[in-house]
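A.B. asks: This is a predicted model, with the sequence first.
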Number of protein chains: 2
Amino acid sequence: MGLIVQKFGGSSVANAERVMNVARIVTDTYKQGNDVIVVVSAQGDTTDDLIAKANEINPNAHKREMDQLLTAGEQISISLLAMAIEKLGFPVISLLGWQAGFNTNSIYTQARIKNIKPNRLQAEIAKHNIVVVAGFQGINRYDDLTTLGRGGSDTSAVAIAAALKADRCQIFTDVEGVYTADPRKVDNAKKLKEITYDEMLELATLGAQVLNNRSVEMAKKYGVELEVLSSLNPKPGTIVKEAAKMEKMLIRGVTKDKDVALVSILNLQDTPGIAFKIFSRLSAKNINVDIILQSFGRDGTKDIVFTVNKENGPLAVELLEDMLDGCRIVCNTEVAKVSIVGAGMESHPGTASKMFEALYESNINIQMISTSEIKISVIIDAEDADRAVSAVHRKFIPED
Amino acid sequence: MGLIVQKFGGSSVANAERVMNVARIVTDTYKQGNDVIVVVSAQGDTTDDLIAKANEINPNAHKREMDQLLTAGEQISISLLAMAIEKLGFPVISLLGWQAGFNTNSIYTQARIKNIKPNRLQAEIAKHNIVVVAGFQGINRYDDLTTLGRGGSDTSAVAIAAALKADRCQIFTDVEGVYTADPRKVDNAKKLKEITYDEMLELATLGAQVLNNRSVEMAKKYGVELEVLSSLNPKPGTIVKEAAKMEKMLIRGVTKDKDVALVSILNLQDTPGIAFKIFSRLSAKNINVDIILQSFGRDGTKDIVFTVNKENGPLAVELLEDMLDGCRIVCNTEVAKVSIVGAGMESHPGTASKMFEALYESNINIQMISTSEIKISVIIDAEDADRAVSAVHRKFIPED
């Protein structure tokens, strides 16, 4: 008995049948004596269809108009879901982002939530209404509509849970929770009962694609307990919460990220400040650099190798060729990053060597290594990635 | 040079090409030195598609949710049109009904405009923006979205023109203006240069389907000069304005309405108040009665014949059979109403006989007659309707 926030993505409400399915999950939760606020995204391909319509007319349209356009998507899905819940005989009301009190800054298509004015949400809950809220959207100080960018509906749900001190925020997806590895690829992948915010953040960054990072950060900041679970098979999923009193596991999962390009600068003349110049130039062009490796060659030259997102590889090479003379610059997009994540590894110094051992046994060559308190990543050939994940997973996660 | 309000219906913005066409009309008007506010409906079939989606889930959904759903339609069309205008290089902003200040009552799906708070519209005009406003929609005192019902976008346009004292309100449609008869049916039908509000109201009621009645009434009340013209061929259309200083014509047009059922009550016992009882019963069921004819039979009985909308015919018969004993009740749906409309006929007593002469010459039998100061209607067999329109038109409108 409490206040539950539930979030459903676009595929969960893609057609009438799925909308009815979501309505049943929501009303089951309500029937158990809970107050329920439901956050939904636009139906299925609606957002992509609207973007296509816009591009046909003006591919460079002002972002304010893009947000005015895109927010229509959730407007459709919230009213349809409210109709479905009404059909099942429960009191319900739908609210657009601005009606639910979402105030944002004015960075159209990438807005940040400034605050939630909770009056209307509280009033509807007090009337025992199930409240269906449009995710992904808000309003700025000029009374113009804004959107929160990729994964915005997750963020909306967590923001409501934080503002109203909800007992839990359930994120319904098409998987049953967070796994130790991709269950479609690794036979023995196991669903985690629980995971810390930090572990989840590393997993999200590393390509697990279950929860949006901003939403996990916000959940951590406000102590919102998250649950990741399936809308098609709604049994207990994975709880994301503070580390305290959590079951200890050496690692939580093994991930693979193929969206990596490895840029090498070879035979670079080692002048003072050269590394700073290189990376500030890349940063100025919004190219995020992940792992950096530097090694010294002969004759006062050195090699600098770093990774960026695959799409930024060619641009990075171009920028560097403009600014550097006399050195070779090579971009390799046939690489992948394989990582293990787990808060437990802090106190287990042998974790890294155990991972390297697994790769060595499978004859997989490591090109770069990067470590943090709760993760270890290696860059390897892309073609070895799936084998590497299986080998590392086998090493750390016991067989059933 | 002034403030022009332009309204475009759903078919005028049905696809990218047509949206660009509207953008060109709007920016041409702006280039001539005018401030321009554009009111648009939802694209093509959008509203029908949204209604179908709702019906699939819950055909009896709360009207509030229906309005929440349907207002997404204009939200899409205004942002797309704004993008098209921006593409042509002009300053533009789109506003939803509530952003444009449309305050309505709370009768969902049939809301009436209470007032327009013009601050935002005025501010955008002051910035020399072309303003694209979502027609058909507003907001009530609870901050919930409402829609204005059928023809609502025309009403939105006229309301803005009235609130901002615009110099003209142009209603773009798929015809080039108001004609003396349906130009697809009557060879010699002529486009009218001008017409009074009252004449336009009679023509609209009688099935001319060019302008929505509520919008004409509002235009009359606030003295907004309307122009009906084509979005595909934007040359001068028909001006709707006050009668003063208008070219005198005997009649403005001939119309046909097939949405008529003729209900006859035969051999009714003539007890006091019986007609009142009959028509108050019909009125209680929201059945609008148009023309009524009463004739006295033998033996203290009388016959009452009246017309209703075709869809209400069977219900009217059922209601009457419940309340009346011993009389025959017949419903004939194979009838049509043919009317002539013109402010000039007030001062020409021969107008009615000229119309009857035309019908007589064509061997068309008149079943009922109804007259007002500016119109004469006859009920005839449906199969004679087109012939009747042509004959009457020939009689009144000179051949070229």
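C.D. replies: Received the coordinates, thanks.

A.B. asks: distance of the spatially most central residue of chain A from chain B?
C.D. replies: Taking CA atoms, centre = their mean as the criterion, A:Asn212 is the residue nearest the geometric centre of chain A, at 2.6 Å. Distance from A:Asn212 to chain B, counting by CB to the nearest CB, to the nearest Å: 24 Å. Bear in mind the C-beta positions are built from the backbone N, C-alpha and C, glycine included.

A.B. asks: Where does the residue of the stretch 251-400 of chain A found nearest chain B sit: helix, strand or coil?
C.D. replies: Residue of the stretch 251-400 of chain A nearest chain B, by CB to the nearest CB: A:Asn286 (24.5 Å). Of the three states, A:Asn286 takes coil under DSSP: H, G, I helix; E, B strand; the rest coil.

A.B. asks: Ok, A:Leu293 next?
C.D. replies: A:Leu293 - assigned by three-state DSSP - is strand.

A.B. asks: So what's the residue count around it?
C.D. replies: For A:Leu293, the neighbour count with other CB atoms under 10 Å in any protein chain shown is 16.

A.B. asks: Touching, it and A:Ala275? I think so.
C.D. replies: No. The pair A:Leu293 and A:Ala275 does not pass the contact test of CB atoms under 8 Å, sitting 11.6 Å apart.

A.B. asks: which residues do these two both contact?
C.D. replies: A:Ile304 (CB atoms under 8 Å, 6 or more residues apart in numbering or on different chains).

A.B. asks: Distance check, A:Lys193 against A:Arg168.
C.D. replies: Going from A:Lys193 to A:Arg168 by CB to CB, to the nearest Å gives 15 Å.

A.B. asks: neighbour-wise, which of the two wins?
C.D. replies: Just comparing A:Lys193 and A:Arg168: by other CB under 10 Å the higher neighbour count belongs to A:Arg168, 17 against 14.

A.B. asks: Just grab the bridge partners of that one for me.
C.D. replies: Note on A:Arg168: beta-bridge partners by DSSP bridges are A:Ile4.

A.B. asks: what's near enough to touch it?
C.D. replies: Applying CB under 8 Å, 6+ apart, the residues contacting A:Arg168 are A:Gly2, A:Ile4, A:Val5, A:Ala161, A:Glu225, A:Leu226, A:Glu227.

A.B. asks: Go again with 7 Å.
C.D. replies: Going by CB atoms under 7 Å, 6 or more residues apart in numbering or on different chains, A:Arg168 touches A:Ile4, A:Glu225, A:Glu227.

A.B. asks: Show me which of those is closest to B:Asp144.
C.D. replies: A:Ile4 (24.5 Å; CB to CB).

A.B. asks: Would you confirm that that closest one contacts A:Gln32?
C.D. replies: No. Judged on CB atoms under 7 Å, A:Ile4 makes no contact with A:Gln32 at a distance of 9.1 Å.

A.B. asks: Excluding chain neighbours, what is closest to the residue nearest to the centre of chain A?
C.D. replies: A:Gly151 (2.6 Å; CB to CB, 6 or more residues apart in numbering or on different chains).

A.B. asks: what's the burial count for the one you found?
C.D. replies: 20.

A.B. asks: wait, is A:Gly326 part of a helix?
C.D. replies: No. Secondary structure of A:Gly326 (three-state DSSP): coil, not part of a helix.

A.B. asks: Could I get the contacting residues of the residue sitting furthest away from the middle of chain A?
C.D. replies: Residue farthest from the centre of chain A, counting by CA atoms, centre = their mean, is A:Asp299 at 44.6 Å. By CB under 7 Å, 6+ apart, A:Asp299 lies in contact with nothing.

A.B. asks: Check it and give its pLDDT.
C.D. replies: The model reports A:Asp299 with a pLDDT of 73.

A.B. asks: Tell me how many other residues crowd A:Leu145.
C.D. replies: For A:Leu145, using other CB under 10 Å, the count is 29.

A.B. asks: again, but for A:Gly2
C.D. replies: Count around A:Gly2 with other CB under 10 Å applied: 11.

A.B. asks: What separation do you get for the nearest residue to it once chain neighbours are set aside and chain B?
C.D. replies: Leaving aside its chain neighbours, A:Gly2 sits nearest to A:Asp167 (3.5 Å; criterion: CB to CB, 6+ apart). A:Asp167 sits at a distance of 27 Å from chain B (criterion: CB to the nearest CB).

A.B. asks: Likewise for A:Ile37?
C.D. replies: On the measure of CB to the nearest CB, A:Ile37 and chain B end up 16 Å apart.

A.B. asks: That residue reaches A:Lys7, doesn't it?
C.D. replies: No. Taking contacts as CB under 7 Å, A:Ile37 lies outside contact range of A:Lys7: 9.4 Å.

A.B. asks: residues in contact with the residue of the stretch 201-350 of chain A found nearest chain B?
C.D. replies: Using CB to the nearest CB, the single residue of the stretch 201-350 of chain A nearest to chain B is A:Ser231, 16.7 Å away. By CB under 7 Å, 6+ apart, the residues touching A:Ser231 are A:Phe8, A:Ser12, A:Asn21, A:Val22, A:Ile25, A:Phe172.

A.B. asks: Near chain B, which residues of chain A? Just list them.
C.D. replies: A:16, A:19-20, A:50, A:53-54, A:56-58, A:61-62, A:65, A:68-69, A:72, A:75-76, A:79-80, A:82-84, A:86-87, A:94, A:99, A:143 (CB under 7 Å from any CB of the partner chain).

A.B. asks: Sort out for me which of the residues you listed are in strands.
C.D. replies: In strands, judged by DSSP state E, the following of the residues of chain A next to chain B are found: A:Ser94.

A.B. asks: Put the buried members of the residues of chain A next to chain B into a PyMOL selection.
C.D. replies: Of the residues of chain A next to chain B, the buried ones can be selected in PyMOL as follows, counting by 16 or more other CB atoms under 10 Å in any protein chain shown:
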select buried, chain A and resi 16+19+20+50+53+54+56+57+58+61+62+65+68+69+72+75+76+79+80+82+83+84+86+87+94+99
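
A.B. asks: Could you look up the SS state of A:Tyr360?
C.D. replies: Secondary structure for A:Tyr360, judged by three-state DSSP, is helix.

A.B. asks: burial of it, as a residue count?
C.D. replies: Look at A:Tyr360: counted by other CB under 10 Å, it has 13 neighbours.

A.B. asks: got it, and A:Ser11?
C.D. replies: Residues near A:Ser11, counting by other CB under 10 Å: 16.

A.B. asks: List the contacts of it.
C.D. replies: Contacts of A:Ser11 (CB under 7 Å, 6+ apart): A:Gly44, A:Asp174.

A.B. asks: Endpoints of stretch A:110-122, how far apart?
C.D. replies: 27 Å (CA to CA, to the nearest Å).

A.B. asks: Please enumerate residues in contact with that stretch?
C.D. replies: A:37, A:95, A:99-105, A:131, A:138, A:146-149, A:155, A:159-160, A:163-164.

A.B. asks: Tell me the buried residues within those.
C.D. replies: For the contacts of stretch A:110-122, buried by 16+ other CB under 10 Å: A:37, A:95, A:99-104, A:131, A:138, A:146-149, A:155, A:159-160, A:163-164.

A.B. asks: Which of the residues you listed fall within strands?
C.D. replies: A:Ile37, A:Leu95, A:Phe102, A:Asn103, A:Thr104, A:Val131, A:Gly138, A:Thr146, A:Thr147.

A.B. asks: Output those as CSV; include the columns pLDDT.
C.D. replies: Converted to CSV, those look like this (pLDDT from 0 to 100):
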residue, pLDDT
A:Ile37, 98
A:Leu95, 98
A:Phe102, 98
A:Asn103, 97
A:Thr104, 97
A:Val131, 98
A:Gly138, 98
A:Thr146, 98
A:Thr147, 97
